[in-house]
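**Student:** no sequence on this one, just coordinates:
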C-alpha cells in the first residue's frame, strides 16, 4: 500500500503542478525585473500579501482534504460529496469577505508598514486588480482538496499547466503592451494571474463532468459533487474542527513570511530586491519537498482511515527519504552556478554579487527543509491540526524575533538575516518529530 511507488504516484502530479505555479512566479519576477527595480520589489511583496490572505482559504480546503482522504480510507465514499460541497459553500462566501479586505482594506493596512512611497504605490496598483482573482482561487482550492484527497492527483498537472501557459503568455502581452494589448506594467502581471486562475476554474468544472476512464459515470455523479446538499451544522463543525486550525496556521506561516519581508523592506529597496530573487529561486528548488509535504496530509490520513496507525511512522520515514533524496540534488547547482541562477532574474552585476551569499544560505536550508516540512505535514495528517497550529505558533514566534534582531536591531547583512530560515526549519522539524514520537495522535478521529 504505502510503497515508494505508491507515494510517488500520488506525489509526482502535485510536484509537476507546483513546478508550473512556481515557473509562473519566476517568470513574473524575471519580467518585472526588466520593468524596474521598484516593480521587481513591489510585485512579489504584493503577491506575498495576497497569498498570505489566500492561505486562509487554502488552509480550510486542506482540512477538507484531510477529511476526504480519511473517508476514502474508511470506504465511506457517500460522504465525500458532502464534505466537498460544505467546504465549497464556505469558501465561496469567504471569498467575498477576502475580496473586500484586499480591495478596500489593503490601502489602510499597508500604508504604515511600507516605507517607500514608490513600492507602496506599486503594491496597491497590483492588488486593485489581483483582488478579483480570489473568487476563482478559492473555488480552485476546493477542487484541489478533492482531487488530492481521493488520490486522483494527475488532473493537477493539466490544470496548472494551463494556468502557467495562460499566465506567461498574458504577462508578455500585458506587462509590455505586446500584440496590440495596452502596456499595463505591474497591473498587467496581476491581470494575467486573475485570468489564469479563471481558466483553471473552467478546467475543473469541465473535468468533473467528463466520463472517467474505467467508469460508467463522471466524478460529479460518482461522488455526488455540487448537489443540492442541505447545509448541515454537524458537517460544518467537522470541517471547521480540522480546517480552522490549518487556516490560522497557514495564514500565520505566510503572514510571518510577509512580516519577514516588511522588515527586509526597512533595510532598503536593494535588500528587498535581493530577497525577492532568493525567494523565487527557493520556491523552485523546494518544490519536491513541498509537493511531498502536501501529499503527506492525504497519505497519513488515508492510512489512519484504514486503521493502520502503526504504519504511519514508517510511511513518514519513506516520504522523508524521498524528499531528501530529490532536494539534495539541487544543492550542488546552487554552489557551482550561483551567477547563472541569479542572472535569470536580474542583469545587474552588483545585485548578483550581493545575492550570492544569500543563495548559499538557501543551499543549506534545502538540506533541512524536506525533513522538517514533511514531518510537520504528518502531524496535520493525523487530524491533530490544533497541535500543528501550536507548533507553528512557537516556531513562527522564534523566527520573527530572530528576524527583528538580525534585520532591525543589529542591522546585519542580508544573507545573515536569511539565517532565520535555518532556525525556522530546525525548530519546526524538532517539535514535529517529538510529537510524532511521543504524542497522543493514534486515537485521532475526524
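**Tutor:** Everything's here; your move. Note that the coordinates shown come from a computational prediction; the quantities given were computed from them, not determined experimentally.
**Student:** And the helices in the stretch 151-300 of the chain?
**Tutor:** Under the criterion DSSP state H, counting those that start in this stretch, the stretch 151-300 of the chain contains helices at 155-176, 186-209, 219-222, 233-267, 269-285, 287-305.
**Student:** Need the winner for burial among these.
**Tutor:** Across these, the average number of neighbours (mean count of other CB atoms under 10 Å) peaks for helix 287-305, which reaches a mean of 26. From N, CA and C alone the C-beta is placed, and that goes for glycine too.
**Student:** that older thread, closest to residue 121 out of the helices of the stretch 151-300 of the chain?
**Tutor:** Proximity to residue 121 (CB to CB) singles out helix 186-209 among the helices of the stretch 151-300 of the chain, at 9.4 Å.
**Student:** Worst mean pLDDT across the helices and strands of the chain, which element?
**Tutor:** Ranked by mean pLDDT, DSSP states H and E, the weakest helix or strand in the chain is helix 4-35, scoring a mean of 74.
**Student:** quick one: average confidence on the helix or strand that comes right after that one?
**Tutor:** Next along the chain after helix 4-35, taking DSSP states H and E as the criterion, comes helix 37-74. Along helix 37-74, the predicted local confidence has a mean pLDDT of 82.
**Student:** thinking again about what came up before, can you tell me which of the helices of the stretch 151-300 of the chain the model trusts least?
**Tutor:** helix 219-222 (a mean of 79).
**Student:** Now tabulate the helices of the stretch 151-300 of the chain in TSV and tack on distance to residue 62.
**Tutor:** Below are these laid out as TSV (distance: least, CB to CB, whole Å):
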stretch	distance to residue 62
helix 155-176	14
helix 186-209	17
helix 219-222	20
helix 233-267	5
helix 269-285	18
helix 287-305	6
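**Student:** which one of the ones you listed lies closest to residue 138?
**Tutor:** With CB to CB as the measure, helix 186-209 is the member of these nearest residue 138 (9.7 Å).
**Student:** Quick check on residue 183: phi, psi?
**Tutor:** phi -80, psi 110 (degrees, to the nearest 10).
**Student:** give me the number of residues near it?
**Tutor:** The number of residues packed near residue 183 is 13, by other CB atoms under 10 Å.
**Student:** Excluding sequence neighbours, find me the nearest residue to it.
**Tutor:** In this structure, residue 183 finds its nearest non-sequential neighbour in residue 177, 2.9 Å apart by CB to CB, 6 or more residues apart in numbering.
**Student:** does that neighbour really touch residue 184, like I thought?
**Tutor:** Yes. In terms of CB atoms under 8 Å, residue 177 counts as a neighbour of residue 184; the distance is 7.3 Å.
**Student:** Please say which of the two ends up with more neighbours.
**Tutor:** With other CB under 10 Å as the criterion, residue 177 and residue 184 differ in neighbour count, and residue 184 comes out ahead with 18 against 14.
**Student:** Could you double-check that that one lies in contact with residue 173?
**Tutor:** No. Assessed by CB under 8 Å, residue 184 is found out of contact with residue 173, at 9.4 Å.
**Student:** isn't residue 157 right up against residue 18?
**Tutor:** No. Residue 157 lies out of contact with residue 18 (CB under 8 Å); the separation is 10.3 Å.
**Student:** could you list every residue that touches residue 353?
**Tutor:** Contacts for residue 353 (CB atoms under 8 Å, 6 or more residues apart in numbering) come out as none.
**Student:** any idea how far it is from residue 116?
**Tutor:** For residue 353, the distance to residue 116 (CB to CB, to the nearest Å) stands at 23 Å.
**Student:** Tell me the buried residues in stretch 431-439?
**Tutor:** Under the neighbour-count criterion of 16 or more other CB atoms under 10 Å, stretch 431-439 has 431-433, 435-436 buried.
**Student:** typed the wrong thing, it's stretch 408-416
**Tutor:** Neighbour-count burial for stretch 408-416, with 16+ other CB under 10 Å as criterion, is recorded at 414-415.
**Student:** what sits up against that stretch?
**Tutor:** Taking contacts as CB under 8 Å, 6+ apart, the residues outside stretch 408-416 that touch it are 263-264, 266-267, 271, 274-275, 354, 357-358, 360-361, 406.
**Student:** of those residues, closest to residue 227?
**Tutor:** Minimum distance to residue 227 across the contacts of stretch 408-416 is 46.5 Å, recorded for residue 275 (CB to CB).
**Student:** Just list the residues touching the nearest residue to that closest one once chain neighbours are set aside, thanks.
**Tutor:** With CB to CB, 6+ apart as the measure, residue 264 is the residue that lies nearest to residue 275, at 4.9 Å, once sequence neighbours are left out. When contacts are counted by CB under 8 Å, 6+ apart, residue 264 touches 271-272, 275, 407, 414, 417.
**Student:** now residue 101
**Tutor:** Counting by CB under 8 Å, 6+ apart, residue 101 makes contact with residue 53.
**Student:** confidence score at it?
**Tutor:** Looking at residue 101, its pLDDT reads 91.
**Student:** Next, give phi and psi for it.
**Tutor:** Residue 101 adopts backbone torsions of phi -60, psi -50, taken as degrees, to the nearest 10.
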